[in-house]
Structures are given as structure tokens and as C-alpha cells.
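Q: Curious how this folds, go ahead:
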Amino acid sequence: MTKGFHKKQSKRIPAKRRYKIEKKVREHNRKLKKELKRKVHRNRRKDPGIPNSLPFKEKILNDVQEYKKRNEELKEMMRIQAKQNRKNSNDKSKFAVNPDKNLELAELLKHAETRSIEFENRAKQEEYIVQSDVDDVSCSNSKTFLKSVHKVIEESDVIIEVLDARDPLGTRCFELEDHIHRNFPDKKIILLINKCDLVPRENLIDWLKYLRKSYLTLPFKACTQAQKQHLSSSKVNVLVSSDDLLKSSRCLGIDVLMKVLNKNCHSCNVKTSMTIGIIGFPNVGKSSVINSLKRSSVCNVAPTPGLTRSIQTVALDKKIKIIDSPGIVFAKNHSVSETESWSSILALRNALNVDQLQDPIAPIQTILNKVNRGKLKEIYEIDHFENVEQFLQSLAKRFGKISKGGKLDLIAVAKKILNDWNCGRIKYYTVPPDSSTESDVKLVDKFSEEFNLDSVTIKELMSIDLDPYTSKDSNVLALKSLTEIQTTSSKRSNQSQSSSNDNDVEMEDIAGMQLNKELRNRFKKTKKQKKKEIKLTNRFEQTISIDEDYDFNDYF
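A: Predicted coordinates:
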């Protein structure tokens, strides 16, 4: 063998590898063919035109050109006619020309004034929307949300405005109410005070008395359960319920609201369905109210504002349909003082997302002005402080909020305080303004005319809400019917009263509006026992009433 000779590598490959390569090639080609079949559009055959062999070819070409020319002239005439019609319609809408009567100068001036007022109202509504003062904070107060709210108002028959029980006037949309009165005077408005568990009962009753002078106002507590279906609710009235029930996650006030809606639906002879629109500020609980009425989580719920960003329709039953709307904030709904900024007010109303605030320390000063400092010391277990900086510094040391370099993270502490404020850990509530009181008869007549309700049912609703304010123990009132039954049964059994008094259940001493199963069973047992005793006494009386002497000859 010569030097430098190398044996060439064989080109033979194992059969296994060759078959594998061939198989992959086949699959690849098959995929390519399938994609080509999908992508390829069958090209239509082109028009070959008029062949040269056809006689009278020039005449046919001339006819085609004339036909095209006629079509172009027709299109131009239609365009000019449409332009003229648009111009005439604009002139009619501007001046409202009547063919029978010529408009006088006074009518023209009146028409111009109405149009200017409408334009001013539109401009005011756009000014009310918060845009520049919030410093580009993403919240549900843009013009698109305003349009969707107006759409909800147009489509709904009854409008429910949800308010926060802690600040009903601050979360009330006066601009939307004026818009409804001006454009839709026939639509009915219900004020629903949500989050009633966060305020005292006396304060809630004062707000009910104040707000019922303008609209029908109902108390409500939405369900806070995390499950998706079978959300629980209680038939107990909000103002008569116990503290344990108010602190629970069950819904309260649903029966009174459904009673009003069903009564209105039946009285209006609704054949298809009645539409109810839900409006209000962000994070007042609009979606929670809908979930409580439906008893299932059909709307998304979160403690952060601006979660609902579009219209959502929910069917309660065959005749009632509810529309959820995004929350909207009006800038001129509240008078801003020099010390407070509008963004801090919105942050305290939970209308803005706390995590996206540029200056979360500014609202803390307003919290210190509103809440007693002694309560803040008890809640956070801190020492005495004089200003906002000392308060935040002591809380940062308390919770260990320290940033890089050993500096105290005051911004994180401020955000935590705002979250505690919005969640209800720091309790606060506003007092209704003083105003002249009206008689209950006027309110009953007004609500019965608006919602087509009987005066008896309206008086019943009003008395249920406002009776507990006068009585010290509202639980005794709720058990009135049961005590009446007990007294009637005791009157019948005069002779057996001494023996049955030891077994009677003292219903007036029961603490709590809710009758548990044990108490109900206990009451039923005592009632049955009384009936048995009455029967025994009656039989005994019948045997004794026979005035005959005993004769020994009959038996001996």
C-alpha cells in the first residue's frame, strides 16, 4: 500500500435508517400538499374578450362603451341627489321648517336657546368626568364609560342607584339623576344603600329618612361569599337583624327589593320582561348586588375599582332582566377644599386604584382629620403622634416596612392604610345634613304613584325600616306574632294555667331576631303540650259536670 492512501468511506447506509428517512420525506410531502390545497385559490378563467372572427365586432365594442358611460352618469346623478337630500335635512333640523306655517323670529330664537342649552349640558357632562386632575390614573371614568352608562339608562325601565352607606351623598350621581329627569321623566329611580354592616343603625335610619324625601330608598347588604352558586340570604330586615348576622357573609334586604320590583312588574302588565339598570360610583357594590339577587356569581367582583368595563346583562327570571354598568366618577360631585385634592377624595371613596396613585401619602391627612386619633392608636397599637409623618413612621416600624438603605417605606405604609380604610377596618361614617322633615303620608303617596304599589305595602316597608329606631329592644317586636299565639292559647286554658306556666317558653326574653331550629322546635313542642292539656281538662270537666248520685245497687 502506498503512503498517504486513505480508504474511502462507504456510501451504504443501514436499511433501518433508509426506511426512516423515506417515511419522513413522505410525511413532509403529504403535509406540503395539504397546505397547498388550503392556500391555493382556483383562478377563474379570464374573459377572452370578443374574438376577431366574430362579425360586427366594432359595433359590439361601441355598445359596451355606451353602457359603461350611461352607468357612470347614473352614479353621478345619484351622488348629487344624495348630497342635496343631506343638505335639506340639515336645514330642516337647524330651523325646523314647517311647510304650513312660516317660523317667526321669536320661534327661531327659542329654538336656538334650547339647542344652546343642550350643547352646554353636554359640555358640562364632559367637564364633570375626571381626566387631568387624577394624573393619568387608570380608572373607570372615561367618556366611553359615560356613553355605556347612558345606554344602560336608555334601555332600562327602572334604575337602581347603588350608594355606599358610609358616604351616601359623596357616592350619589346627581348629574345622572338630572339627565334622567330631563330626558327620561317616566323612568323610576330607586336608591339602594349598600354596605350597611359598616355603619351604626341609627346613622343608617337617619340617612333613610333623609334620602326618602327624594326617592324610594332601601337598605341592603350584599353577599360576600366566595362560592360560585347557591349564595345564601336572609329574610330578616337589615335594621332588625342581630350583630352576628350583619357580620356574616349572608345577604340582607333582598326580600324588600324583590317585593318592590315584582309589584311594579305585575302592575305594569309587562308581557316580555322588565329591564333594571344598575348605576353608581366605582366599587360601591353594583356587581355584588347583582350576584346577590341572582344568588350566583355571574359578575366578576374585586375590591379594586374599575373591574367592570362593559355592559353586562343578567336575567333574574322570565320577567326581570338586570344590566350592569361600569362605574363613573364626576369631578364636580363634591366641593374640594384647599387642603384636599380631588385625587385624594377619590382614593378615600375607593374610586381609584390605590396601587396606581402617584402620591398615596396625601389622602392620609384627610383620614387624620376625619377619624379620632385615639381610635387609630387602638387599631394599630402605636404610641402618640402629632402629624402625618410621625404616624407613618411609627406604622412603618410597627409593620417592618423598610426599603433599601434602611429607610422607612412610607409609601407602602400609606397604601396599607388606604386599603384598611376601603375594606372597613378603619370605621367611619358621615352624618346626613339637617333639613325640614316631611310627613310620612306624602312619602307613601309619592312612592305608590311612582311604583304602582298599594299604600298598605308601602306603609309596611316604611314601618319595618323605621320602627326599630324608637324601640330599645327591636327583637321583641319581631317575635310579636309568636307571643300573640302564645297568649291566645293561654286564655283558652284557664284551668290548666297553673300547671302549664312552668313549661311555657319565655319568647320575649329570646335575644336575636333569628329563630334557630332548636327554638322553633321548642316552641312547637310547648304548643302541642298545651293542646293536649286543654283536651284533657275538657274531658275531665265533662265527667265532673254530671250531677248524679252514686248508686251501689247498679254495680253490687
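
Q: leaving aside the residues next to it on the chain, what's closest to residue 229?
A: Nearest-residue entry for residue 229: residue 296, 4.6 Å, with adjacent residues in sequence omitted and distances by CB to CB, 6 or more residues apart in numbering. Any C-beta I mention is one placed from the backbone N, CA and C, and that applies to glycine too.

Q: Now do the strands in the stretch 251-400 of the chain.
A: Here the stretch 251-400 of the chain has its strands, by DSSP state E, counting those that start in this stretch, at 274-280, 312-315, 320-324.

Q: can you give me the strands in this structure?
A: For the chain, the strands identified by DSSP state E occupy 158-164, 188-194, 216-219, 274-280, 312-315, 320-324, in order along the chain.

Q: The third one: which residues count as buried?
A: Pointing back at strand 216-219 there. Neighbour-count burial for strand 216-219 flags 216-219 (criterion: 16 or more other CB atoms under 10 Å).

Q: So for it, mean pLDDT?
A: This predicted structure assigns strand 216-219 an average pLDDT of 89.

Q: So which elements touch it?
A: When contacts are defined as 3 or more CB pairs under 8 Å, 6 or more residues apart in numbering; DSSP states H and E, strand 216-219 packs onto strand 188-194, helix 201-211, helix 254-267, helix 440-451.

Q: returning to that earlier point: could you export the strands of the stretch 251-400 of the chain as JSON lines, including distance to residue 539 and mean neighbour count?
A: Listed next are the strands of the stretch 251-400 of the chain as JSON lines, based on distance: least, CB to CB, whole Å; neighbours: other CB atoms under 10 Å:
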{"stretch": "strand 274-280", "distance to residue 539": "58", "mean neighbour count": "23"}
{"stretch": "strand 312-315", "distance to residue 539": "59", "mean neighbour count": "15"}
{"stretch": "strand 320-324", "distance to residue 539": "55", "mean neighbour count": "22"}
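
Q: can you redo those as JSON lines with distance to residue 211 and mean pLDDT?
A: Rendered in JSON lines, the data for the strands of the stretch 251-400 of the chain read as follows (distance: least, CB to CB, whole Å; pLDDT from 0 to 100):
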{"stretch": "strand 274-280", "distance to residue 211": "14", "mean pLDDT": "87"}
{"stretch": "strand 312-315", "distance to residue 211": "26", "mean pLDDT": "83"}
{"stretch": "strand 320-324", "distance to residue 211": "22", "mean pLDDT": "86"}
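
Q: Relative to residue 69, which of those strands is closest?
A: With distances scored as CB to CB, the stretch of the strands of the stretch 251-400 of the chain nearest to residue 69 is strand 312-315 (53.5 Å).

Q: Given that closest one, what are its sheet partners and their directions?
A: Looking at strand 312-315 with DSSP bridges, its partner strands are strand 320-324 (antiparallel).

Q: which outside residues touch the partner strand?
A: Strand 320-324 is contacted by residues 152, 155-156, 261-262, 265, 273-278, 286-287, 290, 293-294, 299, 308, 311-316 when judged by CB atoms under 8 Å, 6 or more residues apart in numbering.

Q: before we move on, back to that, nearest to residue 382, of the strands of the stretch 251-400 of the chain?
A: Shortest separation from residue 382 across the strands of the stretch 251-400 of the chain is recorded for strand 274-280, at 35.2 Å, computed as CB to CB.

Q: that older thread, of the strands of the stretch 251-400 of the chain, give the one that comes closest to residue 401.
A: Taking the strands of the stretch 251-400 of the chain one by one with CB to CB, strand 274-280 is closest: 33.7 Å.

Q: Where does pLDDT dip in the stretch 201-350 of the chain?
A: Along the stretch 201-350 of the chain, segments meeting pLDDT under 70 span 266-272, 302-307, 309, 329-344, 350.

Q: can I get the strands of the chain in a markdown table with distance to residue 363?
A: Listed next are those as a markdown table, based on distance: least, CB to CB, whole Å:
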| stretch | distance to residue 363 |
| --- | --- |
| strand 158-164 | 16 |
| strand 188-194 | 22 |
| strand 216-219 | 28 |
| strand 274-280 | 21 |
| strand 312-315 | 31 |
| strand 320-324 | 28 |
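
Q: Which among the ones you listed is found nearest to residue 30?
A: Put simply, out of those the one that sits nearest residue 30 is strand 312-315, at 47.3 Å, with distance taken as CB to CB.

Q: Can you dump the C-alpha atoms of the closest one in PDB for me?
A: Extracted C-alpha coordinates of strand 312-315, given in PDB (Å, rounded to 0.1, in the frame of the first residue of the first chain):
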ATOM      1  CA  GLN A 312     -73.400  43.000  31.100                       C
ATOM      2  CA  THR A 313     -77.000  41.700  31.000                       C
ATOM      3  CA  VAL A 314     -78.200  39.200  33.600                       C
ATOM      4  CA  ALA A 315     -81.700  37.500  33.600                       C
END
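
Q: quick one: contacts of that strand?
A: Contacts made with strand 312-315 from outside it, assessed by CB under 8 Å, 6+ apart, are listed as 273, 290, 294, 298-299, 321-324.

Q: any idea which of the residues you listed is closest to residue 522?
A: Proximity of the contacts of strand 312-315 to residue 522 was ranked by CB to CB; the top entry is residue 294 with 35.5 Å.

Q: Report how many residues lie close to that closest one.
A: Per other CB atoms under 10 Å, the neighbour tally for residue 294 reads 17.

Q: Report the contact partners of it.
A: 314, 316, 322.

Q: which one among the residues you listed gets closest to residue 226?
A: The shortest approach to residue 226 among the contacts of residue 294 belongs to residue 314, at 19.1 Å (CB to CB).

Q: Would you mind measuring from the closest one to residue 224?
A: When distance is defined by CB to CB, to the nearest Å, residue 314 is 19 Å away from residue 224.

Q: can you check residue 169 too?
A: Summarising the geometry, the distance separating residue 169 from residue 224, computed by CB to CB, is 25 Å.

Q: Now for the protein, the helix or strand with the poorest mean pLDDT.
A: Ranked by mean pLDDT, DSSP states H and E, the helix or strand of the chain with the weakest confidence is helix 474-478, at a mean of 38.

Q: isn't the residue nearest to residue 229 right up against residue 228?
A: Yes: applying CB atoms under 8 Å as the test, residue 296 and residue 228 come out as touching, 6.4 Å apart.

Q: Of the two, which one has the most company?
A: For residue 296 and residue 228, the more surrounded residue by other CB under 10 Å is residue 296, and the numbers stand at 15 against 10.

Q: if I pick that one, what's in contact with it?
A: Neighbours of residue 296 in contact, by CB under 8 Å, 6+ apart: 228-231.

Q: can you tell me which residues contact residue 376?
A: Contacts of residue 376 were listed using CB under 8 Å, 6+ apart, and they are 368, 382, 391, 426.

Q: Tally up the residues packed near the last one, please.
A: Translated: residue 426. Applying other CB under 10 Å, we find 18 other residues in the vicinity of residue 426.

Q: Of all the strands of the chain, which one comes closest to residue 65?
A: When these are ranked by proximity to residue 65, the top entry is strand 312-315, at 56.8 Å, counting by CB to CB.

Q: do you know how far residue 147 is from residue 31?
A: Per CB to CB, residue 147 is found 49 Å from residue 31.

Q: cool, residue 390 as well?
A: In this structure, residue 390 and residue 31 are separated by 72 Å, where distance is defined by CB to CB.

Q: Could you check which of these two is surrounded by more residues?
A: Under the criterion of other CB under 10 Å, the comparison of residue 390 against residue 31 puts residue 390 first, with 13 against 10.

Q: Do you know the pLDDT at residue 63?
A: Per-residue confidence at residue 63 stands at 90 (pLDDT).

Q: Likewise for residue 192?
A: Residue-level pLDDT assigned to residue 192 equals 91.

Q: what does residue 536 give?
A: At residue 536, the predicted lDDT confidence score is 78.

Q: Now for it, how many residues are close by?
A: Around residue 536 there are 12 other residues, counting by other CB under 10 Å.

Q: What about the contacts of residue 376, which one has the most neighbours?
A: Of all those, residue 391 has the most neighbours under the rule other CB under 10 Å, reaching 24 neighbours.
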